[in-house]
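*Asks:* Pasting the sequence and the predicted model now:
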Amino acid sequence: MQLSMGFATAAGVMAFFGSGSPGHPPAAPVPAVFAPGVISGPADDAAPAFTPDGRTVYFMRGTDDGSTLMESHLDGRWSAPRTVSFSGHWRDLDPAMAPDGSFLLFVSNRPAEAGGQPVDATGTGKRRPGLGMNIWRVDRQQNGWGTPVRLPDAVNACGMTFAPSVAADGSIYFIGCAPPDIGLHLLRSLYREGRYQTPSPVSLGDVGAQIRDPAIAPDGSYIVFSIKHDPAQPYRLAIAFHGRDGWSKPLDLGDAVNSGTHSMGAQWGCDRRTLYFYSDRRLPSSDPDGAATWNNGGDNIWRVSLTPWLEAHGAGTSVVCTTG
């Protein structure tokens, strides 16, 4: 199955702009597909963002003309996904939950102002009408979600701002523009006194590498991301640890994790040790009818424990929660 128009558009727009060296990581469990046939289905599914208790997940699903945000609830088993209350009209993607569950960030092409036009993708002197991406925030209220609010221009400096990840102090890591440079970079915007500050670049080794889809630990001590050094290479997942001298050299997560034509969209589970990501890998199947529901070469959500890597570096603390 080919990528849906929504995912293909995002991939194409990123290519329009513009892997960590394999190390010797500890042995790790083999990734497993997440909720096959329910959340990981025949459409392209990606970017699961869990509530702190792990019983609700928000994720993006490819549609014929873009992507939308879905939600599912765990009560013994995951419920049939439904469209999130504030999604379904624009191209919405990349949900990211605040560690305390108080707000959700997501990416959208929706107009910056009511009544305006969808955001255009801009870069290298070219423009793609309506295919841009900006980061929005929606706060949790007593009876559900509030009204989405676009993050300030300091964050949304161009029409290609996406893949947010939220630290416990409210600071965000994301992919965006750092004017006057027209390229895409991994950036961090500190959250101070209720305001997002001017972003600064985050250096993770090779300055020429392409980095996408960061997943920052709540305490900021480690980060997983997709990286490639050569445009002809596939994106591979890697992890880096923060110490007294800054970020360590990226450590490739190995071939068991990095399979298919790409491994992207890193997200942390509510236990802060399970990594979720999307990939188009396929599994051998003796049940062609059952396989047709999800094992079709499209993007599905996979999960794997990174406990061996974290324990080897003395990083992270486990949180008890349930994700089915």
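*Replies:* Right, received. Where do you want to start?

*Asks:* Now the terminal residues of stretch 92-103, how far apart.
*Replies:* Criterion CA to CA, to the nearest Å; first-to-last residue distance in stretch 92-103 is 16 Å.

*Asks:* Let me see the confidence value for the closest residue in space to Trp90 that isn't next to it in sequence.
*Replies:* The shortest distance from Trp90 to any non-neighbouring residue, by CB to CB, 6 or more residues apart in numbering, is to Arg110 (4.0 Å). Where C-beta positions appear, they are placed from N, C-alpha and C, glycine not excepted. Looking at Arg110, its pLDDT stands at 95.

*Asks:* ok but Arg110 is inside a strand, no?
*Replies:* No: per DSSP: H, G, I helix; E, B strand; the rest coil, Arg110 lies outside any strand segment and is coil.

*Asks:* how many neighbours does it have?
*Replies:* Arg110: 22 surrounding residues under other CB atoms under 10 Å.

*Asks:* Identify the residues contacting it.
*Replies:* Taking CB atoms under 8 Å, 6 or more residues apart in numbering as the criterion, Arg110 is in contact with 89-90, 92, 118-119, 134, 136, 148.

*Asks:* before we move on, what about Asn109?
*Replies:* For Asn109, the contact set (CB under 8 Å, 6+ apart) comprises 66, 90-91, 118-119, 130-134.

*Asks:* so how far is Ser102 from the closest residue in space to His229 that isn't next to it in sequence?
*Replies:* In space, His229 comes closest to Ala209 once its chain neighbours are excluded; the distance is 5.0 Å by CB to CB, 6+ apart. According to CB to CB, to the nearest Å, Ala209 and Ser102 sit 33 Å apart.

*Asks:* More neighbours: which of the two?
*Replies:* Ala209 (19 against 13).

*Asks:* do you know how far Ala91 is from Leu69?
*Replies:* Not quite, residue 91 is Arg, not Ala. 10 Å.

*Asks:* Pick out the residue nearest the middle of this protein.
*Replies:* Gly265 (3.7 Å; CA atoms, centre = their mean).

*Asks:* If I look at that residue, what pLDDT would I see?
*Replies:* pLDDT for Gly265: 95.

*Asks:* Is it located within a helix, as I assumed?
*Replies:* No: assigned with three-state DSSP, Gly265 falls outside any helix and is strand.

*Asks:* pretty sure it contacts Ala46?
*Replies:* Yes: because the distance of 4.6 Å satisfies CB atoms under 8 Å, Gly265 is recorded as touching Ala46.
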